[in-house]
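Colleague: Got a predicted structure plus its sequence, pasted below:
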Amino acid sequence: MRRVHALLPALLVLAACGNAPKADYIVLEQAHAGPLQFSVLAEGELRAVTATPLLVPGQQWTPRQLAWMLPDGSHVTRGEVVARFSATQSVQDLAQARIDLERNLLARAGKQDDLAGKRGQLGVDLIQVDGQLAIAQRYAHATTAAIARNDILDAVQDAAYLGVRRQILRWREQQSSARGKAELAVLDAQHDTYATVAKQKKDDLDALELRAPHDGVLVLERNWSDELPHVGSSMWAGFSFASLPDLDALEVQLAVPQIEAQGVAVGEAVELHPWGRPQQQVTARLSWIAAAAQPRDRDSPVKYLLMKARVPADAARRYGWTPGQRFVGKILLLQTPHGMSVPNLALGGDDGAAVRVLSEGNEVVRKLRLGVRGATRTQVLDGLHEGDRILLDAGSHGAGA
């Protein structure tokens, strides 16, 4: 809570009397020592410092549709099903992969029959050539006493022709065998590919349930449009669906308007409680402050500075706090039972550490030693006296102070 002293009614302008100030002097307030508390109000959300991510099951980038899930914030036990998905595309892909496998098997069987037929024909041709060649070779070396000379010359020519033909048939046999092996290898590679796809799609369809890896509280993840998953949502396998936070390590992330975050530092005390439950208040300390402020709404130019404060584990267990709860935080910049402060708009001078006060009807500049600076007021450690009337000159405030 910011400590703001009430301005004098209607910004009291001192009346014309023996020690009255000039008419253009405005008295802001009269200095008074008392309890001081500078604070900044902030809002935030309870989060887990560490959490186990729960990813949409299945092969990466496989389309999924959420069919059922437990509500956000549900307590789950190890092995419990937290969500079920459907995968129509994977069903179709598996059916197509099985059809491709059957076609591949038929094509391979046909190719083997074709190769067997070719090898059989070549075998018959080789047998015929070998028989003819044997006869031709026998008569090619016969004497003239046995057969006529012309018959011997014909036999020699037949033997040469049949020898060449035999070599050609052997070459064709070798080429047919090599080409057949290559064609079968291509079909086998296609079979392996179809089998792999079929196995992936089957495994994909076997992974339509998401189970909790350990006990915890289910915290659903918001998507890019800040929406929680719901039944019927289209999702992708491998993407984050929810998380199981470590309930012994919780922190509140607060958002403070940049203009009110002046002077806030790591280590400052902060009083935290859930929305609507001030009786569950605990005190923590800021453990992290963002380096720069950022806008939170594209339609608003207001920037906020993010801050984090660890929550005592015993308090979280005692009150049953769970991640996702909205919290209110009061950052305590200063809390002392006795002290003085001045409005920030009364400060001037080259170093911003001087005020103008009225003393016996005259304006006096006082150099102050300042302490903690809040959004609207600053602590005064020295230089201000009880009862001093602090001025604001609307026309020349800060000039020459």
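Modeller: Perfect, I can see it now.

Colleague: drop to CA atoms for contacts and neighbour counts, all remaining ones
Modeller: Noted.

Colleague: to the chain's geometric centre, what's the distance from the lengthiest strand in the chain?
Modeller: Identified as the longest strand of the chain according to DSSP state E is strand 326-343. Distance, stretch centre to chain centre, for strand 326-343: 36 Å (CA atoms, centre = their mean, to the nearest Å).

Colleague: Pull out the buried residues from that strand.
Modeller: 326-334, 339-343 (16 or more other CA atoms under 10 Å).

Colleague: quick one: low-confidence parts of the stretch 101-250 of the chain?
Modeller: 135-159 (pLDDT under 70).

Colleague: which residues in the stretch 251-400 of the chain form strands?
Modeller: 269-274, 282-289, 294-295, 303-311, 326-343, 354-359, 362-367, 369-373, 377-382, 389-393 (DSSP state E, counting those that start in this stretch).

Colleague: for the ones you listed, which one sits closest to R119?
Modeller: Closest to R119 of the strands of the stretch 251-400 of the chain is strand 294-295 (CA to CA; 78.4 Å).

Colleague: Does anything pack onto the closest one? Which helices or strands?
Modeller: Contact here means 3 or more CA pairs under 8 Å, 6 or more residues apart in numbering; DSSP states H and E; on that basis strand 294-295 packs against strand 303-311.

Colleague: quick one, domains of this protein?
Modeller: 25-48+250-393, 53-82+213-245, 90-206 (automatic domain parsing).

Colleague: gap between the two ends of the last one?
Modeller: Start and end residues of domain 90-206 are separated by 11 Å (CA to CA, to the nearest Å).

Colleague: just to revisit the earlier point, packing partners for the longest strand of the chain?
Modeller: Using 3+ CA pairs under 8 Å, 6+ apart: strand 326-343 touches strand 34-48, strand 269-274, strand 377-382.

Colleague: Pipe these into TSV and attach mean pLDDT per row.
Modeller: Formatted as TSV, these follow (pLDDT from 0 to 100):
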stretch	mean pLDDT
strand 34-48	92
strand 269-274	96
strand 377-382	92
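
Colleague: who wins for proximity to Q190 among those strands?
Modeller: strand 34-48 (48.8 Å).

Colleague: wait, which of the strands of the stretch 251-400 of the chain is closest to Q89?
Modeller: strand 326-343 (39.2 Å).

Colleague: what inclination does that closest one have with respect to strand 389-393?
Modeller: On the basis of axes from the mean of the first three to the mean of the last three CA atoms, to 10 degrees, strand 326-343 is oriented at 90 degrees to strand 389-393.

Colleague: what is the orientation angle of strand 326-343 with strand 34-48?
Modeller: Using the same axes, to 10 degrees: strand 326-343 against strand 34-48 is 150 degrees.

Colleague: So which elements touch the helix or strand hosting E29?
Modeller: Per DSSP states H and E: E29 is located in strand 25-30. Judged by 3+ CA pairs under 8 Å, 6+ apart, strand 25-30 is in contact with strand 389-393.

Colleague: Within its sheet, name the partner strands of the strand it packs on and how each one runs.
Modeller: Here strand 389-393 is paired, per DSSP bridges, with strand 25-30 (antiparallel), strand 354-359 (antiparallel).

Colleague: quick check: mean pLDDT across it?
Modeller: For strand 389-393, mean pLDDT rounds to 79.

Colleague: that older thread, nearest to H32 among the strands of the stretch 251-400 of the chain would be which one?
Modeller: That would be strand 326-343 among the strands of the stretch 251-400 of the chain, by CA to CA, at 6.3 Å.

Colleague: what lines up beside the closest one in the sheet?
Modeller: As assigned by DSSP bridges, strand 326-343 forms pairs with strand 34-48 (antiparallel), strand 269-274 (antiparallel), strand 377-382 (antiparallel).

Colleague: hmm, back to that, E271 is nearest to which of the strands paired with strand 389-393?
Modeller: Here strand 25-30 is closest among those (CA to CA), at 29.9 Å.

Colleague: what about the longest helix in this protein?
Modeller: Secondary structure assigned by DSSP state H gives helix 149-206 as the longest helix of the chain.
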